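**Q** 3D model of this:
(chains A and B)
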Amino acid sequence: MNLFENVMLLFQDGGWKMLVMWIIGGVLIFLAIKKEMEPTLLLPMGFGAILVNLPESGAKEVIDHLFEIGIDSHELFPLILFIGIGAMIDFEPLLTNPKLMIFGAAAQFGIFFTLSMASLFGFELKDAASIAIIGAADGPTSIFVANTLGSNYTAAIMVAAYSYMALVPLVQPPIIKLCTTKKERRIKMQYTGKKVSKLTKILFPIIVTVIVGLVAPDAVALIGFLMFGNLIRECGVLNSLSETAQKVLANLITIFLGITIASRMTANEFLRFETLLIMGLGLIAFIVDTFGGIMIAKLMNLFLPKDKKINPMIGAAGISAFPMSARVVHKLGLEEDNSNFLLMHSIGVNVSGQIASVIAGGLILSFFS
Amino acid sequence: MKKLLVVLSLILVLTAILSLTVFAQAENTQNSNEEYENNVNNDANDEMPPMKIRIDGKAFLNSLGLMGKGMVGIFVVTLVIVGVVAILNWHGQSLDDRKSKKQ
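**A** Next up, the predicted model:
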């Protein structure tokens, strides 16, 4: 009898919305398994979307509780995940050529541009800022900012952020080609491969934490956990902790994070016109980020001697989607000239984008604190 | 071909959301009207009110200030970090030079 009642719920008022959410969940699972697009997150999110949209779902309470303890109260999951990410990142390509950080900063232009665009479309300022942070191309930062600002659209923002991160190989190449000439794409850059001292590698995470903490105190949790992970990696005496953070810790949190985000993917919250608008604005953020990175490289080229010109494509890697964006730039460089290796430069820009996106998130939070 | 499939599937999802949300919005509006008329809107307060999409030029102009502040802020912090890293690198190199001279 109970089974019959639950099935009938699907065909009553609003029941069709649950069916739509099942389809969306199915598509996310399909993209994760068949297309291998960010499977670590899209798969739990897809399954979670089905789980919370079952009539009278008993799982909803459990997942809501996970959301409360893991995200709602002090954003624990994204912060702990940042320890793992920090332990995975090697900042050496950036440390050998620190000026690459300028591209990372310029590639955050999309965030602030989208903030204005979202305001133009009538979103409240805190929602506009949360939507804009999709341009950080960094899932944990997006979750942290959207949740801290108490946005009404957390689920749509999460889905957009992770979907576009997975779509970087599709979104970026046309924009890069549109903004650069063939001649520019063929510019070769020498990689000096200078060695960075161990002391520099150890001091870097500490100093960055202090600087960002002083300028944008609201971002200190994000940057602090990221840099703590990196310090574990670079100190040289905590190898087993570093390995645990990179593999076990990051995987464990990713499992919970994906399914926890799904708690906000209920039909009533997700099936709204704003969701579509947020997806569109997220795409704008990614496009303008790419544009910003390329343009600053072009600007710098105006002042550089002929033999030291920068391949403007590497500016596009400043969007933080690590390491997809760096790979895209490297691949495009090889397409133009099969002896043009841009990987080390683009990786340097990519990791600087990771830091810059966290700083951008912190600045946005400081505007509202 | 694979890329095309991915793009097509995404377009499919977006179209599905769009068409269904339009229906959902219409349904919400109808429901809220009825609720208003019947003066029984207690439950409706639990859900997010439907957002009115409008072009808000004033909010846009206000946000331009934030855009400027944000970009200036991010470049200042970045330049400070670049400077510190350059000093660290220089210090590291000079340490290496001293070591190699001793050897």
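**Q** please report how far residue A:36 lies from chain B.
**A** Look at residue A:36 and chain B: by Cβ to the nearest Cβ, to the nearest Å, they are 10 Å apart. All C-beta atoms are positioned from the backbone trio N, CA, C, and that covers glycine.
**Q** mind checking the SS state of that residue?
**A** The three-state assignment at residue A:36 reads coil, by DSSP: H, G, I helix; E, B strand; the rest coil.
**Q** need phi/psi at it.
**A** Listed backbone geometry of residue A:36 is phi 50, psi 40, with angles given as degrees, to the nearest 10.
**Q** just give me the neighbour total for it.
**A** Residue crowding around residue A:36 was assessed by other Cβ atoms under 10 Å in any protein chain shown; the count is 10.
**Q** do residue A:334 as well
**A** If you count neighbours by other Cβ under 10 Å, residue A:334 ends up with 14.
**Q** cool, residue A:191 as well?
**A** Residue A:191 has 14 neighbours, counted by other Cβ under 10 Å.
**Q** enumerate every residue touching it.
**A** Residue A:191 sits next to A:341, A:344, A:345 when contact means Cβ atoms under 8 Å, 6 or more residues apart in numbering or on different chains.
**Q** tell me the contacts of the most centrally placed residue in chain A?
**A** Within chain A, the residue whose C-alpha comes closest to the C-alpha centroid is residue A:138; the distance, by Cα atoms, centre = their mean, is 1.4 Å. For residue A:138, the residues meeting the contact criterion (Cβ under 8 Å, 6+ apart) are A:161, A:165, A:320, A:321, A:354, A:357, A:358, A:361.
**Q** tell me the pLDDT at it?
**A** If you check residue A:138, the pLDDT there is 85.
**Q** so, low pLDDT: which residues of chain B?
**A** Residues of chain B meeting the criterion pLDDT under 70: B:1-53, B:95-96, B:103.
**Q** tell me how chain B divides into domains.
**A** Following automatic domain parsing, one finds the domains of chain B at B:1-53, B:57-103.
**Q** count of residues packed around the closest residue in space to residue A:59 that isn't next to it in sequence?
**A** With sequence-adjacent residues excluded and distances taken as Cβ to Cβ, 6 or more residues apart in numbering or on different chains, residue A:59 is closest to residue A:51, at 4.7 Å. Using other Cβ under 10 Å, residue A:51 is surrounded by 20 other residues.
**Q** CA atoms only: put the strand or helix carrying residue A:51 into CSV for me.
**A** In this structure, residue A:51 sits in helix A:39-52 according to DSSP states H and E. Output for helix A:39-52, consisting of C-alpha atoms alone and laid out as CSV, is shown next (Å, rounded to 0.1, in the frame of the first residue of the first chain):
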residue,chain,number,x,y,z
PRO,A,39,33.8,12.0,-12.2
THR,A,40,34.9,12.3,-8.6
LEU,A,41,32.2,15.0,-8.1
LEU,A,42,29.7,14.7,-10.8
LEU,A,43,29.0,11.0,-10.0
PRO,A,44,28.2,11.5,-6.3
MET,A,45,26.3,14.7,-7.2
GLY,A,46,24.2,12.8,-9.8
PHE,A,47,23.4,9.9,-7.5
GLY,A,48,22.7,12.3,-4.6
ALA,A,49,20.3,14.3,-6.9
ILE,A,50,18.3,11.1,-7.4
LEU,A,51,18.5,10.1,-3.7
VAL,A,52,17.1,13.4,-2.4
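**Q** point out the other helices and strands that it packs with.
**A** With contacts defined as 3 or more Cβ pairs under 8 Å, 6 or more residues apart in numbering or on different chains; DSSP states H and E, the secondary structure elements packing on helix A:39-52 are helix A:15-33, helix A:59-67, helix A:154-166, helix A:250-261.
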